[in-house]
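S.K.: Below is the sequence, then the predicted model.
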Amino acid sequence: MARKRITCINKAPTHQDPHTHITNVGVGDGNSWSERLSVSEVIRQLQSPAGDRYYVHGSDGSQADVRLGKCPFCASAHTFIRTTPDHSLLDNLLYLPECVS
């Protein structure tokens, strides 16, 4: 099990669309991403007791673990990834930049 930092996200069709979920994440160091993972792979890892764990580091120094949630707005209430709520908005997944090649 590794602890990996998520540094960017992708949403489709656009990053700003509040009605779509994250589709991919980039993991790496603070300056860039070195590996792009699908959200389904992140979910599989988080569901496995021996799977990798993920976190987001905010620009204010805060850190939040990534965990699973159920979408309250989707008909199927499917599983998605979210950060653990805390005092900072800067360590939320949706505040991360777009992963660009």
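M.R.: Right, received. Where do you want to start? Numbering: from 1, shown residues only.
S.K.: and the closest residue to residue 98 other than its chain neighbours, how many residues sit next to it?
M.R.: Leaving aside its chain neighbours, residue 98 sits nearest to residue 15 (4.8 Å; criterion: C-beta to C-beta, 6 or more residues apart in numbering). Where you see a C-beta, it was placed from the backbone N, CA and C, and this is true even at glycine. Neighbour count for residue 15, taken as other C-beta atoms under 10 Å: 16.
S.K.: Which strand or helix spans residue 15?
M.R.: Per DSSP states H and E: residue 15 is located in neither a helix nor a strand.
S.K.: Please report how far it lies from residue 95.
M.R.: 11 Å (C-beta to C-beta, to the nearest Å).
S.K.: can you check residue 40 too?
M.R.: When residue 40 is compared with residue 95 (using C-beta to C-beta), they lie 22 Å apart.
S.K.: cool, residue 31 as well?
M.R.: Going from residue 31 to residue 95 by C-beta to C-beta gives 17 Å.
S.K.: For those two, indicate the residue with more neighbours.
M.R.: residue 95 (14 against 6).
S.K.: and the more buried one, what are its phi and psi?
M.R.: In terms of degrees, to the nearest 10, the main-chain angles of residue 95 are phi -90, psi -10.
S.K.: again, but for residue 46
M.R.: Backbone torsions of residue 46, given as degrees, to the nearest 10, read phi -70, psi -30.
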